[in-house]
Every structure is written in structure tokens, then in C-alpha cells.
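S.K.: Coordinates only, no sequence provided:
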């Protein structure tokens, strides 16, 4: 079950954060880590959509400016019983799209100029349904929390490394402390583990959004065709995107193919396409 897997992975991220907080300052450090994570997650909850849309220079689209796009999205939101999200256009010829926002009532779907040019109507519908599935499944919030937790782990691990080197960490005699060497090892391994967990969550949510979006359109082959086109275009013209937001896009904006699967925010396109082409919609 994808929901259980995501919950378990988020639990692992939280556990890593507490472990690092404990290494930094015992129970007090764990409390500080929890408060720090809560504050960062609160910021992600309220502001992540505004930040990412501003990063890519996204321009709000009215229904009059994009009647075809608006009608497609409206058809799907009515079918799914969802509020209509805000629509945005990203001024780049690299074809891609993403959804953001803390809830279905505060969601936005952004598409690039390039995606509107290269996809036919059925393929574009498949992409939009995929993004709306992210909104309905609350993946946008889940991934914002995962990214925030991973960022907090990396920040605390950096503090822990400096503290260990400067002899400011807990004493070697502290019960369960593991000594300075143990703290340094933990501070090195924890951020890598956090990154792997964050990316595993992202891949799980992509598979789920593919399936949910295909169920909404009743045309899984259309999304499969769109993914193949977008993958090929991303190989030729990678997007000037931040690694921190790569997980948002329907295909990895930084490179066409997956690097090493564990270190990728997206499942391999071949695996996604194979699942979609194997789907039977009734």
C-alpha cells in the first residue's frame, strides 16, 4: 500500500531527526529538533507554493487567457469532486509540469510553454490528470514535509559534525553517546539516509499519481505517450531547475533518464510507462 509506505518513510525521517537531535544534546536536543522541524514544516505548509512558483517565474493564467487548458482542468476537477486549482504558465520551452499547494483548496498547477506545444490533447489531459492526482492525494504537502525534514536533518548533522570536531558534543562517558567518533559517523550517514528516504517517498508518490491520473482519464496510454515525449525532450533540453524542487515535476527536470535509481526523485520512465501500458481501465 503506497499510503502505508509513505507514512513509514516519513516516520523514518522523523526518527533520524530525533536521533541526530539526541546526539547533539540528549533529550534537550531531541526536543529542540522536534520544535525546529515543526517550525520548518509550518513554514512549508503555508509558503511552499508561493516560493516555488516565484522561483520559476510562473505567471497566473485566467480562464480567458487559457480557455482550453482551463476547460480540461475543470472537467477533471468536476469528475473528481475537487476544487478548481489556480493555473500558472512557466516561461520556458522545456516541456514539464508540476502541482503545488498545501491542500486541494489551496492548490496550483503549473505548465511550461514547451509542454503546451509538444503534447496533443489526450497527452496533455494525461499530464493534467496526473498533477491533479498529486493534489487529491495531498502529495504536494507530503513532499514539502519530507523535503523540510530532510533539510532539517542535514542542517542538524552539519552542526553535529562541527560540534564533534570542536569537542562540544556529549561526553564519551554519556550513556548511549557512542563517543565523538560515533557522532561523526552518525552525522555523515544520517543526511545520506535522509536523502534516500526522501527520494523513495517521491518515487512512490509518482507511481501512485500515474495510476490515479490514468484512472481519471480512462486513457493510461495517453499519459504513457506523454511521459515518453517529455523524457526525450528533457534529454535534449534539461530545465534550469533547482535540485530542491526537482521532485515536483512530472519528469525529472535535471536530466532525462534516472541516474542510479536510489538517488533519483523519479522512477525510471520505462517502469512508469510499462505500468501504465499494463493498466486495464473499465
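M.R.: Perfect, I can see it now. The structure displayed is predicted, hence computed values, not measured ones. Numbering: from 1, shown residues only.
S.K.: C-alpha from now on. contacts and neighbour counts both.
M.R.: Fine.
S.K.: Give me the phi and psi for residue 189.
M.R.: phi -80, psi -40 (degrees, to the nearest 10).
S.K.: Tell me the secondary structure at residue 65.
M.R.: Under DSSP: H, G, I helix; E, B strand; the rest coil, the three-state class of residue 65 is coil.
S.K.: oh sorry, the question was meant for residue 240
M.R.: Residue 240 - assigned by three-state DSSP - is coil.
S.K.: Kindly report the same for residue 15.
M.R.: Per three-state DSSP, residue 15 ends up helix.
S.K.: Kindly state the pLDDT recorded for it?
M.R.: Confidence at residue 15, expressed as pLDDT, is 74.
S.K.: and the gap between it and residue 79?
M.R.: Separation of residue 15 from residue 79 (Cα to Cα, to the nearest Å): 39 Å.
S.K.: Check residue 131 too.
M.R.: Taking Cα to Cα, one finds residue 131 at 15 Å from residue 79.
S.K.: Specify which residue of those two has the higher count of neighbours.
M.R.: More neighbours surround residue 131 than the other of residue 131 and residue 79, with 31 against 11 (other Cα atoms under 10 Å).
S.K.: Just the buried residues of stretch 227-239, please?
M.R.: Within stretch 227-239, the residues that count as buried by 16 or more other Cα atoms under 10 Å are 227, 228, 229, 230, 231, 233, 234, 238, 239.
S.K.: distance between the ends of stretch 105-116?
M.R.: Using Cα to Cα, the two ends of stretch 105-116 sit 25 Å apart.
S.K.: What are the contacting residues of that stretch?
M.R.: For stretch 105-116, contacts defined as Cα atoms under 8 Å, 6 or more residues apart in numbering pick out 49, 58, 83-101, 124, 131-132, 135, 230.
S.K.: In helices only, show me the residues you listed.
M.R.: 49, 124, 131, 132, 135, 230 (DSSP state H).
S.K.: Now residue 110: which helix or strand?
M.R.: strand 107-112 (DSSP states H and E).
S.K.: Can you tell me the strand partners of that strand and which way each runs?
M.R.: If you go by DSSP bridges, strand 107-112 pairs up with strand 86-90 (parallel), strand 97-101 (antiparallel).
S.K.: Good, we can wrap up now.
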